[in-house]
Every structure is written in C-alpha cells, then in structure tokens.
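Q: My questions are about this predicted structure, shown below with the sequence.
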Amino acid sequence: MFIPGTSTALQQISHGPFALQGIPMFPSFSEKRQSQLNHMAAAFRYFNRHGYVEGMSGNITARDPEYTNAFWINPLGVHFGLLKASDMILLDADAGAVIGGNRSRPANAAGFLIHKSIHLARGDVQAVCHARTIHGRAYSTFGKPLEMLTQDVCNVFKAHSVYANYGGMVLGEEEGRNIASALGRNKACIMMNHGLLTVGSTVDEASYLFGLMERSCQIQLLADAAASNGKEKKLIGDNEAAYNFKVASDAENLYAEFQPDYGYEEAVCNGEFKDFDPFAFLARH
C-alpha cells in the first residue's frame with residue numbers, strides 16, 4: 001500500500017534494488033533545452049504512430065527553460081511523423097514574434113493563440129498538447145467529463161474539465177482565453193466538438209496524459225455502447241479514484257510513464273529526431 005511521505009510512487013512501484021529515475025536535472029539551460037526539444041520531437045512521432053493526425057492541425061508546445069515567457073511550437077504543415085528537434089520554432093508568448101529556432105516555416109496561428117493563453121495563465125505548465133483525435137472528438141460531442149471506469153483514467157480524477165462553449169476556429173484571442181479559463185487548474189480539458197488538450201510539468205507528462213485521455217475516451221464510448229444494450233457499468237468509487245490519483249498522478253510518475261514510448265521512438269528511427277544544436281541556437285538568439 002502506498003504510504004505518502006515514506007517514498008515516491010515511482011520508488012514504490014520499482015521492485016528491486018534500483019528505482020526508476022524520474023525527471024532528470026540538467027546543469028545548464030542549453031542542455032535542458034536540447035533534451036526538452038528531443039522529447040518534444042519524440043512526442044510528435046508518438047502522436048503519428050497512434051494516428052493523432054488531422055491535416056495541419058494539432059500542436060505540442062514547451063516553455064523554454066531560460067526564456068520563460070517564450071515557448072517552442074511545431075511548424076505548420078509538417079507531418080508529425082517527420083518532425084525533428086531542429087524544426088521547432090521559439091515564439092514570444094506576448095507578441096508572437098519568432099525569436100529562435102526554425103525560421104523557414106510559419107507556426108499555426110490558432111495553435112499559438114490557444115497555447116499562448118494557457119502558458120500565460122499557468123506558470124506551472126511547461127508543456128501543452130492539443131490534437132484532433134478520433135475518439136477524443138467523438139466523445140467531445142457529448143460535452144461531458146469522463147467517468148472513472150478504469151484504474152488508468154483515475155490519473156485525471158477531478159483534474160479534467162470540459163469546454164462546452166464551442167466558439168468556432170480559434171482566430172482571435174478571446175477564444176484562446178476561454179479555453180484556458182475552461183482548463184482552469186486541471187491537467188486536461190475536453191473541448192466540445194473540437195478535441196482534447198492536456199498540460200504537464202514536462203513534455204513527457206503532457207504527452208502521456210494526452211494518450212491516456214484519447215484511450216479513455218475510446219473506453220468510455222465502448223462502455224456506453226455496451227450499456228445501451230443492457231450491460232451494467234460499474235464505476236470506481238470516489239475514495240478509490242482519489243487514492244489512485246494520489247498514488248500515480250504526480251509529475252515524476254507521469255514523466256516515467258512516457259519513457260517506454262520515448263525509447264521506442266528513439267529506437268525505430270535510430271534517434272534521427274535528435275538533431276537540435278543548442279550552441280547554434282544561442283548564437284542566433
């Protein structure tokens with residue numbers, strides 16, 4: 001049984017003499033930036049592998065570790081499965097000016113407005129993921145939060161919201177602020193008629209939670225379909241869901257949850273996405 005204060009959840013789940021390592025520490029901003037962009041590129045490869053692609057839509061952003069009023073974003077019109085760390089664009093969060101990284105392509109204007117509003121509203125958020133997935137979009141049409149049907153979805157127990165005032169394509173700052181307001185202090189938001197959005201203290205946490213939300217929407221749709229044919233759903237109780245959330249939904253554990261996928265993406269392409277040069281970035285900035 002997990003006993004708060006005695007050890008971390010990651011330590012308790014590691015059976016043996018060594019525990020899995022959580023979020024790494026870096027001696028310099030440039031090394032942290034390089035690692036962050038490598039993991040960001042891997043997250044896009046992960047999104048591609050799972051089919052989280054809809055034309056030019058979808059963004060992952062990561063706050064720069066040194067220039068904290070700026071964030072990295074993917075370029076518009078490049079397939080997720082092709083993205084590399086060097087493709088990312090550094091934008092000033094206030095004005096939207098390109099201040100570093102890739103200058104050969106534009107960013108997604110709607111993505112900038114949504115992610116800007118969240119990064120400005122939530123100083124604790126280092127990364128934001130948004131994409132238009134099949135099951136996320138299907139479930140979003142109900143405008144309802146997820147039920148606690150499985151142990152895994154308890155990672156967002158009372159920590160996900162619904163934005164139920166769909167305002168059309170985000171081409172103005174007001175809609176971005178509305179989405180940020182609907183997210184509140186939560187880890188995730190179901191955007192009605194639109195898709196899913198997750199946040200985290202690392203790109204890895206936000207990316208893992210995004211995949212979890214998409215799978216949970218799929219499970220919810222399957223369970224609801226079975227229930228409509230007379231099958232009884234049995235939900236996890238609030239006490240048990242709260243316990244699961246406390247045990248598993250901390251930043252270190254959610255970072256670790258993404259590492260098998262990071263390792264897989266690194267192996268299948270021999271790490272080709274890790275091509276960012278932090279020294280070249282510093283020279284240009």
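A: Alright, I've got the coordinates.

Q: shaky segments in the stretch 1-150 of the chain?
A: 1-6 (pLDDT under 70).

Q: mind listing the helices for it?
A: 9-13, 29-49, 109-121, 134-140 (DSSP state H, counting those that start in this stretch).

Q: which residues touch the last one?
A: Same thing as helix 134-140. Contacts with helix 134-140, where a contact means C-beta atoms under 8 Å, 6 or more residues apart in numbering, come from 51, 146, 190-196, 213-215, 217-218, 220-221. For every residue, glycine as well, the C-beta is placed using N, CA and C.

Q: and these, which two are the farthest apart?
A: Of all pairs drawn from these, the greatest distance, 21.4 Å, lies between 51 and 192 (C-beta to C-beta).

Q: who has more neighbours, the two?
A: Between residue 51 and residue 192, counted using other C-beta atoms under 10 Å, the more crowded position is residue 192 (19 against 12).

Q: ok, so what distance separates the more buried one from residue 56?
A: 22 Å (C-beta to C-beta, to the nearest Å).

Q: if we can go back for a sec, restricted to helices, list the contacts of helix 134-140.
A: Among the contacts of helix 134-140, the residues falling in helices (DSSP state H) are 213-215, 217-218, 220-221.

Q: Narrow those residues to those that are buried.
A: Using 16 or more other C-beta atoms under 10 Å as the burial test, the ones in helices among the contacts of helix 134-140 include 213-215, 217-218, 220 as buried.

Q: Out of the residues you listed, which is nearest to residue 204?
A: residue 213 (15.0 Å).

Q: Do I have it right that that closest one meets residue 196?
A: Yes: counting by C-beta atoms under 8 Å, residue 213 does reach residue 196; the two are 4.9 Å apart.

Q: what do those two both touch?
A: With C-beta under 8 Å, 6+ apart as the test, residue 213 and residue 196 both reach 136, 188, 190.

Q: Mind putting those residues into JSON lines with neighbour count and distance to residue 281?
A: Shown next, in JSON lines, are the shared contacts of residue 213 and residue 196 (neighbours: other C-beta atoms under 10 Å; distance: C-beta to C-beta, whole Å):
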{"residue": "136", "neighbour count": "24", "distance to residue 281": "33"}
{"residue": "188", "neighbour count": "25", "distance to residue 281": "31"}
{"residue": "190", "neighbour count": "27", "distance to residue 281": "35"}
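
Q: Any idea how far stretch 198-213 is from the middle of the chain?
A: Distance of stretch 198-213 from the chain centroid (C-alpha atoms, centre = their mean, to the nearest Å) equals 3 Å.

Q: do stretch 94-107 as well
A: For stretch 94-107, the separation from the chain centroid amounts to 21 Å (computed by C-alpha atoms, centre = their mean).

Q: What about residue 224, how many residues nearby?
A: Neighbours of residue 224 using other C-beta under 10 Å come to 15.

Q: Could you check which helix or strand contains it?
A: Residue 224 belongs to helix 203-228 when assigned by DSSP states H and E.

Q: name the helices or strands packed onto that helix?
A: Secondary-structure packing of helix 203-228 (3 or more C-beta pairs under 8 Å, 6 or more residues apart in numbering; DSSP states H and E): helix 29-49, strand 59-63, strand 127-131, helix 134-140, strand 188-191, strand 195-200, helix 251-268.
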